[in-house]
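Chemist: Here is a sequence together with a model predicted from it:
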Amino acid sequence: KNQVEQSPQSLIILEGKNCTLQCNYTVSPFSNLRWYKQDTGRGPVSLTIMTFSENTKSNGRYTATLDADTKQSSLHITASQLSDSASYICVVSAGRGSTLGRLYFGRGTQLTVWP
Amino acid sequence: GAVVSQHPSWVICKSGTSVKIECRSLDFQATTMFWYRQFPKQSLMLMATSNEGSKATYEQGVEKDKFLINHASLTLSTLTVTSAHPEDSSFYICSARKLGLAGAYNEQFFGPGTRLTVL
């Protein structure tokens, strides 16, 4: 069964600190993995997208890693800001066949940054 | 580039009425648009896939007669919730896939969402 699991479910950190969010998936065949940031009451905004051959990708203070062998990804946020408070969603896109292009969503990690 | 808008951003309606939600790709053409619903603290759940000029493909368990989807142009898809009931209250999000986007990413761009509350 194609699934995407994220941990932790929620996380509270102090402003300026770093944090790492985890994503494990069983989606096969695999096409790409994306991390989105979703503010409360808003649609998801793309942070990074990685294919099978990409191990790491950065977008400002966000750095995502991908280990396609173990089917794990992480999102590292450095020097957190209050505006980083949001839900971070891991999304895996299926590769081919009947599921080509289909997105599988994790439940998200709710990050709260305190001053 | 790749901006998707939704209208309205929120709507309150009485039970039994119908509500139409629009999804527009503002600066690109989209052959395919997707409709999702999201309950609090839950993942986005795909409701249907909408291809321009053809009938939408609905996910299992989604009533096509209740959630009418029209994708009349490459920049506009609409979702109409017919005879809405309180259990239809949710956050509805659309996304659009860019026409002619080749390569491995096959990216979808999400709209800001529409909050529907049925009284």
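Modeler: Now that the structure is in, tell me what you want to look at.

Chemist: Which strand residues bridge residue 5?
Modeler: I went with chain A, as the question did not name one. Using DSSP bridges, the bridge partners assigned to A:E5 are A:N24.

Chemist: wrong chain, I was asking about chain B
Modeler: When bridges are taken as DSSP bridges, the partners of B:S5 come out as B:R24.

Chemist: now do A:Y88
Modeler: Beta-bridge partners for A:Y88, by DSSP bridges, are A:K37, A:T109.

Chemist: what's near enough to touch it?
Modeler: The contact partners of A:Y88, taken as C-beta atoms under 8 Å, 6 or more residues apart in numbering or on different chains, are A:Q6, A:L21, A:W35, A:Y36, A:K37, A:Q38, A:L47, A:L75, A:G108, A:T109, A:L111. Backbone N, C-alpha and C define where each C-beta goes, glycine included.

Chemist: can you list these in a markdown table and add pLDDT?
Modeler: What follows is those, written out as a markdown table (pLDDT from 0 to 100):
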| residue | pLDDT |
| --- | --- |
| A:Q6 | 97 |
| A:L21 | 98 |
| A:W35 | 97 |
| A:Y36 | 96 |
| A:K37 | 96 |
| A:Q38 | 95 |
| A:L47 | 95 |
| A:L75 | 98 |
| A:G108 | 95 |
| A:T109 | 97 |
| A:L111 | 97 |
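
Chemist: okay, the residues you listed in TSV with distance to B:T49 next?
Modeler: Conversion of the contacts of A:Y88 to TSV gives the following (distance: C-beta to C-beta, whole Å):
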residue	distance to B:T49
A:Q6	24
A:L21	28
A:W35	23
A:Y36	19
A:K37	24
A:Q38	21
A:L47	24
A:L75	27
A:G108	22
A:T109	27
A:L111	30
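
Chemist: Closest to chain B out of these?
Modeler: When the contacts of A:Y88 are compared for distance to chain B (C-beta to the nearest C-beta), A:G108 comes out closest, at 6.9 Å.
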